[in-house]
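> any chance you could fold what I've pasted below:
(chains A and B)
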Number of protein chains: 2
Amino acid sequence: MKQQNIQTKTFENGLTLIVEPMDDVQSAAVSLLVPAGSAFDRQGQNGSASVLCEWIPRGAGDRDSKQLSAALDNLGVQHSESVGIVHLTFTGASLAEKLPQALPLYADMILRPWLPEDQFEAARSGVEQSLMAIEDEPRQKIILELRRRCFDAPWGLPAEGTLADLEALSPQSLRAHYAECFRPDAAIFGIAGNVDFNEVSDLVGSLFGGWTRKPSPALATSPGGPSRDHITLDSTQTHIGIAYDSVPYRDPDYYAAWAAVSVLSGGMSSRLFTEVRERRGLCYSVQASLSSLRDEARVLCYAGTMAERAQETLDVTVRELKRLGKGIGEDELERCKARAKSALVMQQESTIARSSSIARDWYHLNRVTTLVEVRDKIDALSVKDVLDYVHAHPAADFTILTIGPQPLEEPREVS
Amino acid sequence: MKQQNIQTKTFENGLTLIVEPMDDVQSAAVSLLVPAGSAFDRQGQNGSASVLCEWIPRGAGDRDSKQLSAALDNLGVQHSESVGIVHLTFTGASLAEKLPQALPLYADMILRPWLPEDQFEAARSGVEQSLMAIEDEPRQKIILELRRRCFDAPWGLPAEGTLADLEALSPQSLRAHYAECFRPDAAIFGIAGNVDFNEVSDLVGSLFGGWTRKPSPALATSPGGPSRDHITLDSTQTHIGIAYDSVPYRDPDYYAAWAAVSVLSGGMSSRLFTEVRERRGLCYSVQASLSSLRDEARVLCYAGTMAERAQETLDVTVRELKRLGKGIGEDELERCKARAKSALVMQQESTIARSSSIARDWYHLNRVTTLVEVRDKIDALSVKDVLDYVHAHPAADFTILTIGPQPLEEPREVS
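Predicted structure coming up:
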């Protein structure tokens, strides 16, 4: 594992910059998290952050929509803007030597977007169409709808909002969302690649130093649920979603929680894959993953199968989830460790992966974990650690959602 | 652009090894192309290659299915096996130091698969379920069905086959496919990462040297089409697929063809994106890409939109495709070049990207193009070169397929 030399600086306005210089590469990647994600959509206006995300790149600073896209393309910046629950994320990657020209374009988008009236309808329409397209993609839809049921609002709400809410948005309401949420105090800028910390820091300071602090907006919460639900779809397939509690990334037990899910669903030799997919040929896709907010987390499982095999797939999947508490082999844990350590090395070689990882770490932990630290934590895990975690956080109190021709019965005991 | 030191060796049995040593990384990636893809499925047995691809990892050499998965996971190998038209592709990435232990597992899978009777049904069922799942994924389905119509069989046939054909497969028929197609003469092994050519070459020679040559299997071809078609789906969305002729990767005009598609659909400032998606807010997704077989190629376009905007989306998309011949701006071409050169540098930093790129080059060209060569070819392109290409290969004779509630009319002139 290579030595990492990660440096951070929090500017007077609260913006935090995290830089990981990587001498062996020629590229650089940026990941800028702005605390304006969908959780901050006002009630009755879900979808605001998503429409704003489509609207912001349509002109900023001295450039109209086309000029801004052209300027980024001219620099060879591979960029995307995405909406998360907490953040709008602006990512970009290019040759490191282009960074000094690319960062001012990001400052324009963040600080001086035009939000032009004549592009508002096209931006809203883009989100409306994404929302309707999800209706044609049950694999995507089931995860969104499962999140809505297993997390409280606003944490579980789909970022795309609803058609009714989108209809209620206006240029004024989105400008209010921008004015309230685009603030440096909780913004995080991760940069990784062939860069010098001092140069980047000076540049970011001069570009973003004038961004002024604002109070943190309030969030209105309401309960999720129900814990059992079915959405009827005329199809030969049934899509099954199962969720249960876990611990978030900042929790001391996180790596034990990660290992537990990894025994279930990491690699081809994991239990769900071998038991549900390979041995029984039950379904074409089965997986589980940890989904962590800052203060809470769920394990989210998905299985897709022919309708006539759906009940058995649900039964066998739930049995595997519960069986984890009965024991884990040393060999199973060792395989998870080997996979994870290999993945760490791959990640170390990607500027895009590093820039988003250091920014994410800062959000969750207020510090950055080095890859050596992660490796050591993974190495230190024992089977007992993982089982202790599983016994303290058993697979139970499931939220179960299905999409398909028929609802299923409660999971049954299977041998 | 860093200097690349790519070395190749063709063994006596015909297997070609291509190695790109990368000193600055710790990982290594392999991409092994075996000429046993879906084009070699016998008539009435489409899906053979896909089922074989699911069946092969279920035991090989001294290891049963579970032991083989566990051995790969123990080495931290991130691997996948996939079916293409021409090749079954075995890819893997891990720490470079694990490669000497990982390669023997690949040799087992290629030369000594068990193809166990008791796992055949599960393998076939996996492909059946994938096939049925595609019915729930119209964005995926339209590209498969468009390929079927714009290429001749077997080049355009979906690798998953049909339910009827899958039913006709047997362990015997798949073992025949394996015996006929798994041959070293046209197999290509790409390896990139922190490796030494001589060591890798000795190892591959000792592991795969005993693999014996076989004659090339015959292919039965039949015409594709029709050039206009509609598949009815009860949805609020319409999915539009459009295809037309281009030139393959090995053609001297390939980079001009690439630039033409890139002006249409490379980056946010490309024509399709700005015109169809941004300016008119017509649809949630629009894109075009070059799909190249060895001897022929098509441009494949996709647009997804609400049904009531589908006709206008088709009209505007086709107008943009045709308008290319009327002129291309210097600035448009420069942006494509900048994007491409930036992407080349990113690719240079990924062992997975490099291993598959060198193997793919060998298949198409019987040589490997260095990144410097690619950069120079892109740099040398003029607007005249691209327009000459477009005039010689105009967007015309379209194959048009739609999936949605209603068929559309022929594309209409729009202003």
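
> where along the stretch 101-250 of chain A do the helices fall?
Applying DSSP state H, counting those that start in this stretch to the stretch 101-250 of chain A gives helices spanning A:117-134, A:138-150, A:163-168, A:171-181, A:197-208.

> quick one: list the elements packing against the longest one.
Right, the one you point to is helix A:117-134. helix A:48-55, helix A:138-150, helix A:163-168, helix A:171-181, strand B:297-306 (3 or more C-beta pairs under 8 Å, 6 or more residues apart in numbering or on different chains; DSSP states H and E). Quick note: C-beta positions are derived from backbone N, CA and C, even for glycine.

> any weak-confidence spans in the stretch 301-415 of chain A?
For the stretch 301-415 of chain A, applying pLDDT under 70 flags the ranges A:415.

> mind telling me what element the residue nearest to A:H87 when sequence neighbours are not counted is part of?
Sequence neighbours aside, A:L33 is the residue nearest to A:H87 in space, at 4.1 Å (criterion: C-beta to C-beta, 6 or more residues apart in numbering or on different chains). A:L33 is part of strand A:27-34 when elements are defined by DSSP states H and E.

> just A:G267 next, same as before
A:G267 belongs to no helix or strand, assigned by DSSP H and E.

> local confidence estimate at the spatially closest residue to it that is not a sequence neighbour?
Spatial nearest neighbour of A:G267, chain neighbours left out: B:D73 (4.3 Å); criterion: C-beta to C-beta, 6+ apart. pLDDT recorded at B:D73 is 93.

> thought B:D73 was touching A:R335?
Yes: applying C-beta atoms under 8 Å, one finds B:D73 in contact with A:R335, separated by 4.1 Å.

> now the residue lying closest to A:D196 once chain neighbours are set aside. Its backbone dihedrals?
Residue nearest to A:D196 in three dimensions, not counting chain neighbours: A:P21, with 6.7 Å by C-beta to C-beta, 6+ apart. Phi and psi for A:P21, reported as degrees, to the nearest 10, are phi -70, psi 140.

> now the residue of the stretch 301-415 of chain A found nearest chain B, what's its secondary structure?
The nearest approach of the stretch 301-415 of chain A to chain B comes at A:S342, 2.8 Å away (C-beta to the nearest C-beta). Judged by DSSP: H, G, I helix; E, B strand; the rest coil, the three-state class of A:S342 is helix.

> check the stretch 51-200 of chain A for the residue nearest chain B and tell me.
For the stretch 51-200 of chain A, C-beta to the nearest C-beta, closest residue to chain B: A:G76, 2.8 Å.

> chain neighbours aside, what residue packs nearest to that residue?
Using C-beta to C-beta, 6+ apart, the closest residue to A:G76 is B:S342 (2.8 Å).

> so that neighbour makes contact with A:H79?
No: judged on C-beta under 8 Å, B:S342 makes no contact with A:H79 at a distance of 10.7 Å.

> okay if I get the helices of the stretch 101-250 of chain A as JSON lines plus mean pLDDT, distance to A:S216 and mean neighbour count?
Below are the helices of the stretch 101-250 of chain A laid out as JSON lines (pLDDT from 0 to 100; distance: least, C-beta to C-beta, whole Å; neighbours: other C-beta atoms under 10 Å in any protein chain shown):
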{"stretch": "helix A:117-134", "mean pLDDT": "91", "distance to A:S216": "25", "mean neighbour count": "19"}
{"stretch": "helix A:138-150", "mean pLDDT": "96", "distance to A:S216": "23", "mean neighbour count": "20"}
{"stretch": "helix A:163-168", "mean pLDDT": "96", "distance to A:S216": "23", "mean neighbour count": "15"}
{"stretch": "helix A:171-181", "mean pLDDT": "96", "distance to A:S216": "9", "mean neighbour count": "17"}
{"stretch": "helix A:197-208", "mean pLDDT": "98", "distance to A:S216": "19", "mean neighbour count": "16"}
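
> can you redo those helices as CSV with distance to A:P215?
Converted to CSV, the helices of the stretch 101-250 of chain A look like this (distance: least, C-beta to C-beta, whole Å):
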stretch, distance to A:P215
helix A:117-134, 27
helix A:138-150, 28
helix A:163-168, 25
helix A:171-181, 9
helix A:197-208, 19
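
> could you find the closest non-adjacent residue to the residue positioned nearest the centre of chain A?
Most central in chain A under C-alpha atoms, centre = their mean is A:G84, positioned 6.4 Å from the mean C-alpha point. In space, and not counting its chain neighbours, A:G84 is closest to A:G37: 4.7 Å by C-beta to C-beta, 6+ apart.

> the one you found and A:W155, how far apart?
10 Å (C-beta to C-beta, to the nearest Å).

> neighbours of A:A307, just the number please.
By the criterion of other C-beta atoms under 10 Å in any protein chain shown, A:A307 has 17 neighbours.

> beta partners for the closest residue to it other than its chain neighbours?
Distances taken as C-beta to C-beta, 6+ apart put A:T238 closest to A:A307, at 4.7 Å, once the chain neighbours are dropped. Beta bridges link A:T238 to A:T305, judged by DSSP bridges.

> I'd say A:T238 and A:P407 touch.
No: if you go by C-beta under 8 Å, A:T238 and A:P407 don't touch, sitting 9.5 Å apart.

> between those two, which has more neighbouring residues?
A:T238 (28 against 13).

> ok so, going back, mutual contacts of B:D73 and A:R335, please.
Taking C-beta atoms under 8 Å, 6 or more residues apart in numbering or on different chains as the criterion, B:D73 and A:R335 both touch A:266-267, A:269.

> show me what contacts A:G241?
A:142-143, A:145-146, A:300-302, A:399-402.

> now render these as TSV, adding distance to chain B.
Shown next, in TSV, are those (distance: C-beta to the nearest C-beta, whole Å):
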residue	distance to chain B
A:I142	11
A:I143	14
A:E145	15
A:L146	17
A:L300	19
A:C301	17
A:Y302	12
A:T399	22
A:I400	19
A:L401	16
A:T402	14
